[in-house]
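starting from these lines, generate the structure:
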Amino acid sequence: MTTDHPRPARLRRLATLALTAALVSLGGCASHYVDGNTRDIDSSQYKAPAAKRPVQMLFEFQSKGVANARATGALKPKIQAQVESSGLFAGVSDAPAADGALLTITLNNVPLSDDAFSKGFVTGLTFGLAGSQVSDGYVCTARYTAGNGAAPVTHQARHAIHTTVGATSAPGNAVKADGIESAVFTMTRQILSNVLNDLSQDPAFQAPNRP
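Numbering: from 1, shown residues only. Alright, predicted model coming up:
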């Protein structure tokens, strides 16, 4: 890869490929930053139900709403470990739970340069940097169903990763990552902590678990 500024379309293709694969680096000429508007929420702040239930967990990573099997496989172990350590469930498994409880988590990568996706996204993201910058948005959706005909409980959180080439300064309100893998894993941990916290605070999540 050269040190010249690539065309924006080419840069976007390269950055999106790296981000959705969750493991591919763009090399030494690119820098990656995790947006600072979505932060970690420690599981100690979650509101655990009085009577915890085992749950079946399904996870899918998407690129503009289309399933991305490679990124799903790369991120699922971390997603499952974080849900297991949340303290919200008696157990987390790929297999159906005895009482039918189901937690479905999707993480959708959307290009923020596409008006159809950027409208209504989080405010405060960093743009207008000198040099070339690509910002990829992420929408995490958690949908929990307690079983027994209970209505689903759904919560969302949003995040972003910024990739710069030839920039003279770092994006404001963003934290530089060691590489794309570190950026993706940090973003995933932070965005999931937010949806799990919102889910735990929802009375509709608490109600089915009361003795």
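
for the chain, which spans come out with low pLDDT?
1-29, 113-131, 166-169, 208-211 (pLDDT under 70).

same for the helix or strand hosting Leu103, what does it pack against?
Assigned by DSSP states H and E, Leu103 belongs to strand 102-111. Using 3 or more CB pairs under 8 Å, 6 or more residues apart in numbering; DSSP states H and E as the contact criterion, the elements in contact with strand 102-111 are helix 8-21, strand 54-63, helix 69-84, helix 115-118, strand 132-145, helix 180-201. Where C-beta positions appear, they are placed from N, C-alpha and C, glycine not excepted.

touching, Val195 and Tyr138? I think so.
No: here Val195 lies out of contact with Tyr138, judged by CB atoms under 8 Å, at a distance of 11.3 Å.

related to what we said a few turns ago, chain center to the strand holding Leu103, what's the gap?
Strand 102-111 sits 7 Å away from the centroid of its parent chain (CA atoms, centre = their mean, to the nearest Å).

let's see that strand as CSV, backbone CA atoms only.
Extracted as CSV, the C-alpha positions of strand 102-111 are listed here (Å, rounded to 0.1, in the frame of the first residue of the first chain):
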residue,chain,number,x,y,z
LEU,A,102,-34.1,-16.6,23.9
LEU,A,103,-31.6,-13.7,23.5
THR,A,104,-30.8,-12.7,19.9
ILE,A,105,-27.9,-10.2,19.4
THR,A,106,-27.1,-8.6,16.0
LEU,A,107,-24.2,-6.3,15.3
ASN,A,108,-24.7,-4.4,12.0
ASN,A,109,-21.9,-2.5,10.3
VAL,A,110,-23.3,0.5,8.4
PRO,A,111,-21.3,3.1,6.4
